[in-house]
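> My questions are about this predicted structure, shown below with the sequence.
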There are 4 protein chains.
Amino acid sequence: MKILVTGFDPFGGEAINPSMEAVLALPSKIGDATLIKVILPTKFREAGEILMREIEAHQPDAVVSIGQAGGRSAITPERVAVNLRDASIPDNGGVQPTDETIFPEAPTAYFATLPIKKIVATLKEAGIPATISNTAGTFVCNEVMYTVLHEAAQKRPAMTAGFIHIPFTEEQAAKKPEGTPFLTKEVILQGIITALKVVSMEQ
Amino acid sequence: MKILVTGFDPFGGEAINPSMEAVLALPSKIGDATLIKVILPTKFREAGEILMREIEAHQPDAVVSIGQAGGRSAITPERVAVNLRDASIPDNGGVQPTDETIFPEAPTAYFATLPIKKIVATLKEAGIPATISNTAGTFVCNEVMYTVLHEAAQKRPAMTAGFIHIPFTEEQAAKKPEGTPFLTKEVILQGIITALKVVSMEQ
Amino acid sequence: MKILVTGFDPFGGEAINPSMEAVLALPSKIGDATLIKVILPTKFREAGEILMREIEAHQPDAVVSIGQAGGRSAITPERVAVNLRDASIPDNGGVQPTDETIFPEAPTAYFATLPIKKIVATLKEAGIPATISNTAGTFVCNEVMYTVLHEAAQKRPAMTAGFIHIPFTEEQAAKKPEGTPFLTKEVILQGIITALKVVSMEQ
Amino acid sequence: MKILVTGFDPFGGEAINPSMEAVLALPSKIGDATLIKVILPTKFREAGEILMREIEAHQPDAVVSIGQAGGRSAITPERVAVNLRDASIPDNGGVQPTDETIFPEAPTAYFATLPIKKIVATLKEAGIPATISNTAGTFVCNEVMYTVLHEAAQKRPAMTAGFIHIPFTEEQAAKKPEGTPFLTKEVILQGIITALKVVSMEQ
């Protein structure tokens, strides 16, 4: 099987994006699954369009997008993506939409089709903090998740998809207020590998 | 106009529920709007059923439900309700559903129809911490919000509806870990009154 | 009476420092107290040295230092200052000390001599979130607080002193992870004025 | 060498105290160190008195106290203990002191003498979230830490001592607001063992 894994380039004033670093550090195979790695720009519309082209090119069985959600203390598979763009900061192209629909006439929301409960359970068994999140926000992360799930619902019923947010790394947290949660880069990478393993076994 | 305002009875081991206290402390009129106050049990199904009966009885122009979301630092109008029950603790009837759909065949989610951006802006002008939330969770709060919005979408297009979560009060936070955010009871009450005033002017 | 009030210039990658903005926006008198305003550089040693010169020049009855502690949800008078420099980021002069004593042979810590409990109570009565903090960290904020309290303990027993941390403003929080607590600039300013009023009445 | 390890009984409405559970689950030896385990009551004065008797009886080389600090996301060795009791809830004996000195004429604070930086570094190498905390609060945890460090400073210069706070377990966090940080019981136990190993190698 094939899993398409995406990360994002840095945004919001951060020098690095741990999602990009982690995705690039992944092996090329996990169990029987071949990984296809794509780094998406943190830009509305463009991120989704690039991802749709990669899906068309590679015909993956599953799409797992990884993004940064600083302030969280655990690896958090997302439960729901909403049909909305509402940004509190500009994206990397300087665009800052307010209360825009992503796709007119499309559903208000989609639930992830990845096995998010099993991913969380497996991560915790491995000693890695994990919990389900009920919001992927209304920035580019949510748009990418919504776009893939909409594509799957419309045209690719066999393709599972979803989004996993990761916390700040230790290096990032050191520049943040005291007590800011973080996981080390090694634990984040191990967490993503563990999650992908669960995805690879579901198919 | 008529605004139906709901609060919840205490749950999760808390002795009080500031949503109930605040709703009961509201005046009977705000501007030109008459308030109808209802305290809902923190129980799946029953809370929604009671609310539907009250809506039928009172035919309100707007429904504003208030609930407690400890750990938040601001008054948070909710943006979205999802078609899901997934509880990490039992409700007040001992029921703890896992990954259940609220209404089969109904949409995955609804957006609030209250003027949530205007509510937040007005609260902040009044010096009251406020911000939009993108998740009402998957417990009874979310179910009540989803149920009302589904009712409105199906049968009452003129009725606006939504949910506002409030933080711990000072008394509750004193028993929680150091640094737990709170607002005083007076500020919470003032915040709800301010929000209802915005709702009353929208109609 | 005279109150010397200090703020800091921006640091840690932030474009503004709300402590500086708030201090500069203060009136020149509060009740019977005359305010002397000083903006300190966010630099180890230099901040304390400048403050000592200002104290010598103005002979204030009280010193109230204001600093930013992003991530907090309330205005937080500090209870204790420790004899330690331990920085996770460089100060504005590029200096990043690890486990250094501020003054050799001096006590491990001092308690604030400002009426911190009364400040918190008065802020809450005014509807402003407030709580006592037990740590001013180990960066420049703590050093300034420790330096003044050490000066008072050694040479100026009649001078009260302490430190008040303030949360992110709304503008700063908008660029931070969803749910980051904040207070509006207006509320922060009102909070500092309220705290200074308490200080002015204590003398 | 001998390490005396302490945990606390449950308090603050919690059914369990993970510090007690973890301490009781520890092995009897770690490396060359023999562990002496003591469960302390969450009571002012009594906790410290019992601990002093155990120290007298066992003459340990190091004392490591473990306590619960819900809301934290990492294992947090404490840096400083202050000479103060100030409780926002009653202890398990119903006592709720306000602004009391623990030992009159004693120093305002003590720094931990455990190798806290090395403990944090070793935990992170093992993939366990860890960071230094600058406040052990002003409840019984702080009093126990202060009492042992005062004893060591006065009479037992060779005995190192300190306090390690642990987060909520998964079971506890499930009953708390969404997003409440936690570590699994297994990771907490592994973290304490790792910390004790560092302590055992320092001597």
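Received it, and whenever you're ready, just let me know what you need. Numbering: from 1, shown residues only, chains lettered A, B, ... in the order given.
> So which residues on chain A come close to chain B?
A:79-80, A:82, A:84, A:99, A:107-111, A:117, A:134-135, A:137-138, A:179 (Cβ under 8 Å from any Cβ of the partner chain). Any C-beta I mention is one placed from the backbone N, CA and C, and that applies to glycine too.
> Pull out the buried residues from those residues.
Buried by 16 or more other Cβ atoms under 10 Å in any protein chain shown: A:79-80, A:82, A:84, A:107-111, A:134-135, A:137-138, A:179, out of these.
> For stretch A:188-197, output the C-alpha coordinates as PDB.
Provided in PDB are the C-alpha atoms of stretch A:188-197 (Å, rounded to 0.1, in the frame of the first residue of the first chain):
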ATOM      1  CA  ILE A 188       7.600  13.400  17.700                       C
ATOM      2  CA  LEU A 189       9.300  11.400  14.900                       C
ATOM      3  CA  GLN A 190       8.700   8.200  16.800                       C
ATOM      4  CA  GLY A 191       5.000   9.200  17.300                       C
ATOM      5  CA  ILE A 192       4.500   9.800  13.600                       C
ATOM      6  CA  ILE A 193       6.100   6.500  12.700                       C
ATOM      7  CA  THR A 194       3.900   4.800  15.200                       C
ATOM      8  CA  ALA A 195       0.700   6.400  13.800                       C
ATOM      9  CA  LEU A 196       1.700   5.500  10.200                       C
ATOM     10  CA  LYS A 197       2.200   2.000  11.300                       C
END
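> that older thread, farthest pair within the buried ones among the residues of chain A next to chain B?
A:107 and A:179 (38.5 Å; Cβ to Cβ).
> on that earlier part again, name the nearest of the residues of chain A next to chain B relative to residue C:198.
residue A:179 (27.4 Å).
> Surely that closest one forms part of a helix?
No - per DSSP: H, G, I helix; E, B strand; the rest coil, residue A:179 lies outside any helix segment and is coil.
> Spit out the contact partners of it.
B:179, C:71, D:72, D:73, D:131 (Cβ atoms under 8 Å, 6 or more residues apart in numbering or on different chains).
> Please convert those to JSON lines, extending it with pLDDT.
Shown next, in JSON lines, are the contacts of residue A:179 (pLDDT from 0 to 100):
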{"residue": "B:179", "pLDDT": "85"}
{"residue": "C:71", "pLDDT": "91"}
{"residue": "D:72", "pLDDT": "94"}
{"residue": "D:73", "pLDDT": "94"}
{"residue": "D:131", "pLDDT": "96"}
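> that older thread, would you point out the most distant pair within the residues of chain A next to chain B?
Farthest pair in the residues of chain A next to chain B (Cβ to Cβ) is A:107 and A:179. Separation: 38.5 Å.
> In contact with residue A:51: list those residues for me.
A:4, A:6, A:38, A:40, A:63, A:65, A:144, A:147, A:148.
> So the third one versus residue A:65, what's the distance?
Think residue A:38. Distance, residue A:38 to residue A:65, using Cβ to Cβ, to the nearest Å: 9 Å.
> Quick check: neighbours shared by the two?
A:5, A:6, A:7, A:51.
> from those residues, which ones fall inside helices?
residue A:51 (DSSP state H).
> Can I have the buried ones of the shared contacts of residue A:38 and residue A:65 as a ChimeraX selection?
The ChimeraX command for the buried members of those (criterion: 16+ other Cβ under 10 Å) is given here:
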select /A:5,6,7,51
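> Between the shared contacts of residue A:38 and residue A:65, which sits nearest residue C:152?
Nearest to residue C:152 among the shared contacts of residue A:38 and residue A:65, with distances taken as Cβ to Cβ, is residue A:7, at 52.6 Å.
> Now that closest one. Nearest residue, chain neighbours left out?
residue A:23 (3.4 Å; Cβ to Cβ, 6 or more residues apart in numbering or on different chains).
> Enumerate every residue touching the closest residue to residue A:61 other than its chain neighbours.
If the residues on either side of it in the chain are set aside, residue A:61 comes closest to residue A:1, at 4.4 Å by Cβ to Cβ, 6+ apart. Counting by Cβ under 8 Å, 6+ apart, residue A:1 touches A:32, A:33, A:34, A:61, A:62, A:200, A:203.
> just residue A:100 next, same as before
Each residue near residue A:100 by Cβ under 8 Å, 6+ apart is listed here: A:84, A:85, A:86.
> JSON lines please, covering those residues and showing distance to residue A:15 and pLDDT.
Listed next are these as JSON lines, based on distance: Cβ to Cβ, whole Å; pLDDT from 0 to 100:
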{"residue": "A:84", "distance to residue A:15": "29", "pLDDT": "98"}
{"residue": "A:85", "distance to residue A:15": "25", "pLDDT": "98"}
{"residue": "A:86", "distance to residue A:15": "26", "pLDDT": "97"}
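> now check the lowest-mean-pLDDT helix or strand in chain A, is it near chain D?
When the helices and strands of chain A are scored by mean pLDDT, DSSP states H and E, helix A:170-173 comes last with a mean of 89. Yes - with Cβ under 8 Å from any Cβ as the criterion, chain D is reached by helix A:170-173 at residue A:170.
> In that helix, which residues have enough neighbours to count as buried?
By 16+ other Cβ under 10 Å, the buried positions in helix A:170-173 come out as A:170, A:172, A:173.
> Mind jotting down where the helices sit in chain A?
Under DSSP H, chain A gives helices at A:18-25, A:46-58, A:116-125, A:140-155, A:170-173, A:185-202.
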